[in-house]
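>>> predicted coordinates and the sequence they were generated for:
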Amino acid sequence: MRKMLNVGIIGMGGISRVHLDCLLSMENASIVAVCDIRKDRLAEAVKRTGAQGYADWRDVVARDDIDIIHVTTPHYLHAPISIAALETGKHVLTEKPMATTTEDAKKMIAAAEKSKGTLSVIFQNRYNASSVAIRELQEKGDLGKLLCARASVCWHREAPYYTESGWRGSLTTEGGGTLINQSIHTLDLLSYLGGPIKRVLGHISTDLLRDSIEVEDNCHAVFEYESGAKGVLHTTNNYGIDAPVMLEFVFENATYQLHAENLFKIEDGIPTLVVQGQNAKHLGEKSYWGDSHKFQISKVYDCILKGIPFEIDGKSAFPALNLVKAIQESSKINNWVELEKI
């Protein structure tokens, strides 16, 4: 069995630092190439890793000695880079969202099925202690049937977050706003922990940021699981802070709420802390850039080196993007939208 993977990282923005921190601490990873169109970011990455630097991602994908590509670019590049890398037989680990459209996501899945390499997608919140605990209770059969679920993502973004990025705020390059960027981890957990979603009726709007962006900064939606359970969703980028994400799952035998990485059991309206996450003191997005992220990356490498499938492949990651695009379409036509099956 091989003991080391040669790594190429494409995109050296903020989230790449999390990948670098993890990879530099791993004994089975060797960073040999880094890539970014911004010279300052690229120079910093080269200095830190000692890897060869590239301005064009195609040059990284073309290298025969690279085993796995990390795609940490703006959203619209996730699909073309992933597909190109898979076509050369390389493994791919891409950040969320896997693509900006379901059509591109399906092309990625098809490319992975034809490739010697594998496609994995970052949804690290599945490995938060709170998510793991609920999943284990479900697998034991202790919870009974899901009756309903709700989720709330109230975060804060100002206009410069979009206008200074060069790609955020555009439907073509970002694929959406609060749904596809800030809330997609939550949408993933709604499917991962609640089960397949059948249809959705949603409404999106661009409110406080209407003069700066074309994507949504607010959303509310209702949805139905294939099991018959009902759900409601509220997301916004107009709040004053990045508040902890809240998810609630009401089962026949128990009700649980996830507040960031903490898990509470609700009995007679009273919450009892049953799992405390390691990053519980943090709020919002940054609390997700920690141990769970590192755990997923390490697990991906372990699976590749052992020749076994990793659980969050393209098909597993698809439902979150599917829900994003269905809500956007539902808002457009002001009617229910059935989610695609794959």
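That came in fine, so what should we check first? Residues are numbered from 1 along each chain as shown.
>>> pick out the residue nearest the middle of this structure.
Nearest to the mean C-alpha position of the chain, by Cα atoms, centre = their mean, lies Lys96 at 3.6 Å.
>>> that residue contacts Val121, correct?
Yes - look at Lys96 against Val121 with Cβ atoms under 8 Å: they come within range, at 6.5 Å. C-beta here means a position set from N, CA and C on the backbone, and glycine is covered the same way.
>>> need the overlap of contacts for these two.
Counting by Cβ atoms under 8 Å, 6 or more residues apart in numbering, the common neighbours of Lys96 and Val121 are Ala317.
>>> and the pLDDT at Tyr288?
On the pLDDT scale, Tyr288 is placed at 49.
>>> what's the local residue count around Lys106?
Applying other Cβ atoms under 10 Å, we find 18 residues neighbouring Lys106.
>>> from Thr101, how far out is the nearest residue to it once chain neighbours are set aside?
Nearest non-adjacent residue to Lys106, counting by Cβ to Cβ, 6 or more residues apart in numbering: Ile342, 6.7 Å away. Separation of Ile342 from Thr101 (Cβ to Cβ, to the nearest Å) stands at 13 Å.
>>> equivalent analysis for His259, please.
Counting by Cβ to Cβ, the gap from His259 to Thr101 is 32 Å.
>>> tell me which element the residue nearest to the centre of the chain is part of?
Taking DSSP states H and E as the definition, Lys96 sits outside all helices and strands.
>>> quick one: residues contacting it.
Contacts for Lys96 (Cβ under 8 Å, 6+ apart) come out as Val121, Ile122, Phe123, Ile184, His185, Asp188, Ala317, Ala320.
>>> between the residues you listed, which has the most around it?
Scoring these on neighbours with other Cβ under 10 Å, the highest-scoring entry is Val121 at 30 neighbours.
>>> quick one: which of Ile342 and Thr101 has more around it?
The neighbour comparison of Ile342 against Thr101 (other Cβ under 10 Å) goes to Thr101, with 17 against 12.
>>> what element comes up after the host helix or strand of Ser152 heading to the C-terminus?
Element membership for Ser152, per DSSP H and E: strand 146-154. Per DSSP H and E, the first helix or strand lying C-terminal to strand 146-154 is helix 159-163.
>>> no further questions, thank you.
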